[in-house]
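**Q** predicted model, plus sequence, below.
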Amino acid sequence: MRHSIPLVFALAVVVIFGAVSPATWAAPTDLPPRVFLPLVSVGPPPPHLGYGANIAAADHAALLSNMGFDWAKGFISWDAVGAGPSYNWVHVDNQLRQFKPHVPNILLRINGPMPPGIGNPIRSPSDLAAFRAFTQALARHVRQAWNPASIAYEILNEPNLNYEWGAAPDPAGYVAVLRAGYEGIKAGDAKAWVVSAGLATGGHYDDLAFIRAMYRAGAKPYFDALGSHPYGGSGPPDRKQGPVYFRRAEEQRQVMLEFGDGAKPIWATEFGWIVGTPACDFGYHEWMEVTEAQQADYLAAAFRYADRFWPWMGPMFIFNLDFATVPWYAYCEQMRRSRRRRVEGTSQTLPLAVGLFLSSRETQDGEARPAPSGQQGNCLLRGKQAVLSRDDRNISEQANVGRGQQRQRAADQYEEVGQDHQQAVAPITRVDDGEGHDLQGIE
């Protein structure tokens, strides 16, 4: 809910008695006895939120525009593009080709796996230089080839988790990567946004301590927005309960203020709630399960809460739109756990995001328009299966296998209950083989 904030302009005349002799000062005779300046009201403030979702298969971007969302988030695997100096942009172009006709604003997360010869973590001067060159080339290519209205890049994912960073989390080491990415992106496209990696609440290295350590390591000049993953745990967005809660973003905001960085926004590059299913055991995520109705209500309430109370919050990206439609996640992978909702008072079933969006905004004609049925999972769309090309399937499977091995090694070390560990995969879209054959699609 937005409120009008009137801006009042008043004229103040201060007369310092004794400074001017009464004998030499006389009131102007060409003015009316009283002068009133108009009260000026400008209506609702401009929207500070963006409405977005994480997408696994770029073909589904059209659903975002159907829902009224204005941001899409995709994923760039450095390994799929290459270490340079020549780069393969097919992986990037596949996504932009689908995103741009449907949403004006795009966030791309840059993540691993790393190309051959590049360390994980990225640490050596030569690897950092290669990352800077890659991000510069990426930003230049996206601007020149696609020129989106708004483009942003998120530098890596949850580096306060050891299996995401590739070793024990190292805030100063991450700042070095962030700096290389920032300098590269700005050199390639000065208008692009650079967003720091969203952090896991708590994590192997507590997220608040990690942000403080980032600032102490000199991060402040090297990001335009602080990335955040304020997952809701098991409670509504206005409550702080359990080890994971949506309002963790407020505590991260306080750290920014401690370091004099209040002019920057926070972007919720992932957030959401998990819907449970009797067929699956989510282990340390089990306590976070909510019902289908709760999830729908909480997501809608989260947007409203941030709109009302968080003027510093920028785009918010639901995790996720469609991860249950792609084949590289097991049925009980918690990233799939999100379901469709039934709109109150109707027999029409809408995707979860449509339902929550229509709860806070009207469509142009005031009617709730039906949209394709959704699916369970931390995913808003189900019921269709993406058909992948061999090359893109290999990229995605390699990324998933590598992260699965990292997660297995880290599982015994990770004690915190309720962390939402989201893994990146290569988004898949249609590719023409040069002979007019569509190699990918949605069945």
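**A** Now that the structure is in, tell me what you want to look at. It should be emphasised that the depicted structure is a prediction, and the values quoted were computed from it without experimental measurement. Numbers count the residues shown, from 1 in each chain.

**Q** could you look up the SS state of the residue nearest to Met313 when sequence neighbours are not counted?
**A** Excluding its sequence neighbours, the residue lying closest to Met313 (Cβ to Cβ, 6 or more residues apart in numbering) is Ala306, at 4.6 Å. All C-beta spots, glycine's among them, are computed from the backbone N, C-alpha and C. The three-state assignment at Ala306 reads helix, by DSSP: H, G, I helix; E, B strand; the rest coil.

**Q** quick one: Ala306 and Tyr231, what's the gap?
**A** Distance, Ala306 to Tyr231, by Cβ to Cβ, to the nearest Å: 14 Å.

**Q** again, but for Trp310
**A** Computed as Cβ to Cβ, the Trp310 to Tyr231 distance reads 16 Å.

**Q** between those two, who's got more neighbours?
**A** Neighbours were counted for Trp310 and for Tyr231 using other Cβ atoms under 10 Å; Tyr231 has more, 26 against 19.

**Q** would you confirm that that one contacts Phe246?
**A** Yes. Tyr231 lies in contact with Phe246 (Cβ atoms under 8 Å); the separation is 7.3 Å.

**Q** what do these two both touch?
**A** Shared contacts of Tyr231 and Phe246, defined by Cβ atoms under 8 Å, 6 or more residues apart in numbering, comprise Phe271.

**Q** and stretch 61-80, how far apart are its ends?
**A** End-to-end distance of stretch 61-80 (Cα to Cα, to the nearest Å): 21 Å.

**Q** now the helices for the stretch 201-350 of the chain?
**A** Counting by DSSP state H, counting those that start in this stretch, the stretch 201-350 of the chain has helices at residues 207-216, 248-258, 292-309.

**Q** what's stretch 227-241 in contact with?
**A** With Cβ under 8 Å, 6+ apart as the criterion, stretch 227-241 contacts 154, 158, 195-201, 242-249, 252, 266-273, 287-290, 294, 297-298, 301-302, 305, 319, 418, 420, 422.

**Q** give me the distance between the two termini of that stretch.
**A** Stretch 227-241 has an end-to-end distance of 22 Å (Cα to Cα).

**Q** flag every buried residue along that stretch.
**A** Gly227, Ser228, His229, Pro230, Tyr231, Gly232, Gly233, Ser234, Gly235, Pro236, Pro237 (16 or more other Cβ atoms under 10 Å).

**Q** what does the average pLDDT come to for that stretch?
**A** Mean per-residue pLDDT for stretch 227-241: 96.

**Q** just use 50 as the starting number from now, easier for me
**A** Okay, using 50 as the starting number, the last item reads as stretch 276-290.

**Q** follow-up on the earlier one: list the ones among the contacts of stretch 276-290 that fall in strands.
**A** Glu203, Val244, Ser245, Ile315, Trp316, Ala317, Thr318, Glu319, Phe320, Glu338, Val339 (DSSP state E).

**Q** from these, pick the one nearest Pro327.
**A** Closest approach between the ones in strands among the contacts of stretch 276-290 and Pro327, by Cβ to Cβ: Glu338, at 10.4 Å.

**Q** and the strands in the stretch 50-199 of the chain, which stretches?
**A** Taking DSSP state E, counting those that start in this stretch to define them, one finds strands in the stretch 50-199 of the chain at 99-103, 120-126, 154-160, 199-204.

**Q** which stretch among the ones you listed comes nearest Leu177?
**A** strand 199-204 (12.1 Å).

**Q** so what are the sheet partners of that closest one and their directions?
**A** When pairing is defined by DSSP bridges, strand 199-204 lines up against strand 154-160 (parallel), strand 242-245 (parallel).

**Q** average pLDDT for the helix or strand that comes right after that strand?
**A** Heading C-terminal from strand 199-204, the first helix or strand you meet, by DSSP states H and E, is helix 211-214. Confidence over helix 211-214 (mean pLDDT, whole number) is 97.

**Q** please identify the buried residues of the helix or strand just after helix 211-214?
**A** The C-terminal neighbour of helix 211-214 among helices and strands, as given by DSSP H and E, is helix 220-237. Neighbour counts over helix 220-237 (16+ other Cβ under 10 Å) mark 220, 222-235, 237 as buried.

**Q** what about the nearest residue to Tyr100 once chain neighbours are set aside, how many residues nearby?
**A** Leaving aside its chain neighbours, Tyr100 sits nearest to Phe118 (4.4 Å; criterion: Cβ to Cβ, 6+ apart). A count of nearby residues for Phe118, using other Cβ under 10 Å, gives 24.

**Q** shouldn't Phe118 be in contact with Gly101?
**A** Yes. Contact criterion Cβ under 8 Å: Phe118 and Gly101 qualify, at 5.9 Å.

**Q** what residues are shared contacts of the two?
**A** Val152.

**Q** could you report the pLDDT at the residue nearest to Ala129 when sequence neighbours are not counted?
**A** Spatial nearest neighbour of Ala129, chain neighbours left out: His140 (4.1 Å); criterion: Cβ to Cβ, 6+ apart. On the pLDDT scale, His140 is placed at 93.

**Q** now His140: how far from Ile234?
**A** 17 Å.

**Q** same check on Ser126?
**A** On the measure of Cβ to Cβ, Ser126 and Ile234 end up 17 Å apart.

**Q** let's see which of the buried residues of stretch 276-290 end up in strands.
**A** Gly276, Ser277.

**Q** looking at the buried residues of stretch 276-290, which is nearest Cys329?
**A** Within the buried residues of stretch 276-290, proximity to Cys329 (Cβ to Cβ) peaks at Ser283, which comes in at 16.1 Å.

**Q** ok, Val152 touching Ala110?
**A** Yes. In this structure, Val152 is within contact of Ala110 by Cβ under 8 Å, at 6.3 Å.
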